[in-house]
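> For reference, the sequence and a predicted model appear below.
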Amino acid sequence: MASADQAKPVHELTDEQLKQIVAEADTGGRKPTGFAAGLLLMVALAWSLFQLWIASPLPFSLGIFVLNDTESRAIHLAFAVFMAYAAYPAFKRSPRAYVPIVDWVFALVAAFCAAYLFLFYRELASRPGSPTDFDLAIAVVGLALLLEAARRALGLPMVILAVVFLVYIFFGQYMPDVIAHRGASLSKGMSHLWLTTEGVFGVALGVSASFIFLFVLFGALLETAGAGNYFIKSAIALLGHMKGGPAKAAVVASASTGVISGSSIANVVTTGTFTIPLMKSVGYRADKAASVEVASSVNGQLMPPVMGAAAFLMVEYVGISYIEVMKHAIVPALISYIALFYIVHLEALKMNLQGLPRREPLPWQRAMISTLMTVSGVIILAAIVYWGFGWIKTLVGDYAFAVVGLLMLGAYIAIVRYAANYPELHMDAPGEKMEYLPEIGATLKSGLHYLLPVAALIWNLMVEQLSPALSAFWATLFLIFILVTQRPLFALFRGTGAFAPALRQGFRDLFDGLVTGARNMIGIGIATATAGVIVGTVTLTGIGLAMTELVEVLSGGNLMVMLCLVAVICLILGMGLPTTANYIVVSTLMAPVIVELGAQTGLLVPLIAVHLFVFYFGLMADVTPPVGLASYAAAGIAKSDPIKTGFTAFGYSARTAILPFMFIFNTQLLLIGITDIFHLVLTIGSATLASLMFAAATQGFFVTRNRIHETLILLLVTFSLFRPGFWMDMLYPPYQELPATELTRMVEEAPRNANLRVWVEGTTIEGRDIAKGVLLPLGDTAGSARERLAAMGLTVMALGDDVQIAAVRFGSRAEKLGLEQGFTFTAIEIPSPERPDKEWIFIPTLALLALVWFTQRARRQRELASKPAAV
């Protein structure tokens, strides 16, 4: 009997249980029948149609149901909380097959409280700052019901964090001196959090209502159309033959689905049910197979364009365009995936694992080209759209949108006709054994039309330069057309004669996609609203300043200690939070800490680098046991211990942890300060090589198993490639100081998109004396100093030898940098003209790496030669 128990797998979940995990986390675990089921479907459909309506030009063209931002946010949250109570059971023992009466009551009351700002918008606007008793009652009940909805949809960590901040608002006078404040009355606190746009209905919920919903809906429709299965099968077909091929395919498939997915858990289950059994079949240990899937799926949240919805929030918080956010985020995300790909390769080398066989051998030249195109597919697609067809915009001007639309339509019909010659792709059953890899040609050609909506999205964003919301709207309309017509077209071109049933199925797919998109948004809508409590607390109490002082005291003013401390705090704050709420919390609390303390010690970096730093470490908490639900889901597929899986996945994710430190000190990794193509290639190549060497050092394997001194040398190589300026600074001073009176000349002479290093001092509005450095972003247009400074929200005046800030525009980039009226510029720093390029450090670094490679290669050959003798 004991032996039978021991033979049982440590952890095993059925396919139905895996779907339940995704439902509990992302869409709601309740599956009612009858009237309740129909009502839930109709509300979800109405939510998607509402979001498409407010994103479209129709309200303004027709003058019907035009809503301002506050009204849109209120209706958006009303849908979210209603769906949360209807779809998410209160407890594990609560019924799943029907919705209890109490949950219907909660859903209606919560929706009314959320929609209060829409229903009584004029009345509330007529009495700002003077709430009635009924207003306060609505605010208290609404906030309580929002927290309960958050508990159901997001779990306790988010609720506990929000409650801690609520306690801080009302009982600040009883807190320790370092974080104490006067405390707020019930009227002031609840009015600020619920009746204004500073709290729950703030920027985060606004981004959820305007941007995030459309991109999540786009991803849900693309998945419903069959793109997710297409990406997985394509990755397996192209990469499955390599050493440890299924694991490499898992990395690429998760990167591809991460582009359209906003959930790491859904990513794990979608790709993992197929890739994890394949990894185990070629020899990967269960926990390692699960860990590869977890690390690659969570990394999907780093990959533009969605980035777990954080990209859209960064637009608002950092004050730059969506295209700029994607540009800055793409290289670190790709490097992180390439490093994980390399880790998988090293694991395969250590265990001598092979790939899966093909029916027909593939020439190595085609294999190499296929691999490169698979890994960098989205970038290649973006380049084709931007440079291959961008000339159309120049040629036909305002008619480009219509011309490209017709070209897309023609290309879609032609591609579907071509794809109809190949068998339709079907999702394999979970755990089904694969004897041979899918054929590359037939697999890739069967779903090329799925790339067209992504191409349309890229065109709208990069060439037409529409807003993210409008770009997603038009791309979604095109995708809806594809979803409805692809089955009838395939039936027509294949001559099956089943045209009418195929058309009906197309409309059913559209209905399912719209409903799924709305249900996928429940958690994000609730998360952004609940995170608004934390944001509102910061704006009401000034806790952000207290956090800065606390970290300054704990770090003792040491820059590296401060960054490590912030990283650990982000890991702790991020535990148990979904990606969107995670980013809001860490960026609100921790980003200002790095900006302020860094500025005082001379660490002047663009704001986007700081926000990506805290985002990366907050996201690392998704992997960290014991709360990493992605690890639990992957362990259920692999039949491994979830805690062991979590720790192994965290080890694989260590290569991601080094990147934030590197792009804080070397912002070229974010494509900032790149001057030409050679510089771009050198930066990306050196950073990629550095990440690979860090993986080799931490995995203890390069050409063969590392010795201790070789690991240390690889870590030194990693550091030198990532941050060559550290060594060059020891030889030459990096900056030359100029007097503040040179500000006007330097601003006028600076190239486009340059950042000017300046030092300021003064007294803040809170009465603190400060002296810090600031990077002034001079924008992408030339002009006079007055015009360029005004574009960032700054007006300055000369007073003798002093240059003083005369005004700072509210909400401007200058305000986000912490500049205030009355501050004085004390100095300007420009790169030292006598300093050689820091990239010269690469020469001795590469020589050192070559020495390790030759040494290990000789040792590897001796080891291989000795094996037959040993036998």
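Yep, that arrived. Remember, predicted model here, so these are calculated numbers, not experimental data.
> Look up phi and psi at residue 603.
phi -90, psi 90 (degrees, to the nearest 10).
> Identify the spatial nearest neighbour of it, chain neighbours not counted.
Nearest residue to residue 603, sequence neighbours excluded (Cβ to Cβ, 6 or more residues apart in numbering): residue 559, at 5.9 Å. (Each C-beta comes from the backbone N, C-alpha and C, glycine too.)
> Can you report how many residues neighbour that neighbour?
Around residue 559 there are 17 other residues, counting by other Cβ atoms under 10 Å.
> My understanding was that it contacts residue 598; is that so?
Yes. Counting by Cβ atoms under 8 Å, residue 559 touches residue 598, with 7.1 Å between them.
> ok, now which ones touch the residue nearest to residue 603?
Counting by Cβ atoms under 8 Å, 6 or more residues apart in numbering, residue 559 makes contact with 597-598, 601, 603.
> Now the buried members of those.
Listed as buried from those are 597-598, 603; burial here means 16 or more other Cβ atoms under 10 Å.
> mind putting the contacts of residue 559 in TSV, secondary structure and pLDDT included?
Putting those into TSV (DSSP: H, G, I helix; E, B strand; the rest coil; pLDDT from 0 to 100) gives the following:
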residue	secondary structure	pLDDT
597	helix	81
598	helix	80
601	helix	73
603	coil	76
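> With respect to residue 771, which of those residues is nearest?
Nearest to residue 771 among those: residue 601, at 11.1 Å, using Cβ to Cβ.
> Which residue is the nearest non-sequential neighbour of the closest one?
In this structure, residue 601 finds its nearest non-sequential neighbour in residue 559, 5.0 Å apart by Cβ to Cβ, 6+ apart.
> Buried residues in the strand or helix carrying residue 547, which are they?
If you go by DSSP states H and E, residue 547 is part of helix 543-555. Judged by neighbour count using 16+ other Cβ under 10 Å, the buried positions of helix 543-555 are 543-548, 550-552, 555.
> Just checking, which helix or strand succeeds that helix along the chain?
helix 559-574.
> Can you tell me the number of residues neighbouring the nearest residue to residue 484 once chain neighbours are set aside?
For residue 484, the nearest residue in space outside its immediate sequence neighbours is residue 506; the separation is 4.2 Å by Cβ to Cβ, 6+ apart. Residues near residue 506, counting by other Cβ under 10 Å, number 22.
> and the helix or strand containing residue 506, what other elements does it pack with?
Assigned by DSSP H and E, residue 506 belongs to helix 499-520. For helix 499-520, the packing partners by 3 or more Cβ pairs under 8 Å, 6 or more residues apart in numbering; DSSP states H and E come out as helix 34-55, helix 69-87, helix 213-225, helix 468-494.
> mind listing what's buried in stretch 114-124?
For stretch 114-124, by 16+ other Cβ under 10 Å, it's 114-118, 120, 124.
> I should have written stretch 664-674 there, sorry.
By 16+ other Cβ under 10 Å, the buried positions in stretch 664-674 come out as 664-672, 674.
> Any chance of TSV for those, columns pLDDT?
Below are the buried residues of stretch 664-674 laid out as TSV (pLDDT from 0 to 100):
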residue	pLDDT
664	85
665	83
666	82
667	84
668	83
669	85
670	87
671	86
672	83
674	80
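> worst average pLDDT in the helices and strands packed on helix 499-520?
Note on those: helix 213-225 shows the lowest mean pLDDT, a mean of 85.
> roughly how far is it from the heart of the chain?
In terms of Cα atoms, centre = their mean, to the nearest Å, the centre of helix 213-225 is found 16 Å from the chain centre.
> for whatever helix or strand comes next after it, packing partners?
Toward the C-terminal end, the helix or strand that comes next after helix 213-225 (DSSP H and E) is helix 227-239. Judged by 3+ Cβ pairs under 8 Å, 6+ apart, the packing partners of helix 227-239 are helix 245-260, helix 264-281, helix 364-375, helix 440-445.
> could I have the following helix or strand past the last one exported to PDB, CA atoms only?
Next helix or strand after helix 440-445 toward the C-terminus (DSSP H and E): helix 451-458. Included here for helix 451-458 are C-alpha records, laid out as PDB according to Å, rounded to 0.1, in the frame of the first residue of the first chain:
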ATOM      1  CA  LEU A 451      -0.800  37.900 -39.500                       C
ATOM      2  CA  LEU A 452      -2.900  40.400 -41.400                       C
ATOM      3  CA  PRO A 453      -4.700  41.900 -38.400                       C
ATOM      4  CA  VAL A 454      -1.400  42.300 -36.600                       C
ATOM      5  CA  ALA A 455       0.000  44.000 -39.700                       C
ATOM      6  CA  ALA A 456      -3.100  46.300 -39.700                       C
ATOM      7  CA  LEU A 457      -2.400  47.200 -36.100                       C
ATOM      8  CA  ILE A 458       1.300  47.900 -36.900                       C
END
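> Can you give the distance of helix 451-458 from its chain's centre?
Offset of helix 451-458 from its chain centre (Cα atoms, centre = their mean): 19 Å.
> how many degrees apart are that helix and helix 227-239 in direction?
Here the directions of helix 451-458 and helix 227-239 differ by 110 degrees (axes from the mean of the first three to the mean of the last three Cα atoms, to 10 degrees).
> Rounded mean pLDDT for helix 451-458, please.
Averaged across helix 451-458, the pLDDT comes to 85.
> cool, and stretch 168-181?
Model confidence over stretch 168-181, given as mean pLDDT, is 84.
> Can you check the pLDDT for the residue nearest to residue 603?
Residue 559 carries a pLDDT value of 81.
> Same question for residue 2.
Model confidence at residue 2, expressed as pLDDT, equals 40.
> ranges for the helices of the stretch 101-250 of the chain?
Per DSSP state H, counting those that start in this stretch, the stretch 101-250 of the chain carries helices over the ranges 101-119, 121-125, 133-154, 156-170, 186-194, 203-207, 213-225, 227-239, 245-260.
> mean pLDDT for these: which is lowest?
Note on the helices of the stretch 101-250 of the chain: lowest mean pLDDT is at helix 245-260, with a mean of 72.
> List the residues that contact the nearest residue to residue 468 once chain neighbours are set aside.
Nearest non-adjacent residue to residue 468, counting by Cβ to Cβ, 6+ apart: residue 322, 4.5 Å away. Counting by Cβ under 8 Å, 6+ apart, residue 322 makes contact with 311-312, 315, 461, 467-468.
> Among those, find me the one that's closest to residue 90.
The nearest member of the contacts of residue 322 to residue 90, counting by Cβ to Cβ, is residue 312 at 30.9 Å.
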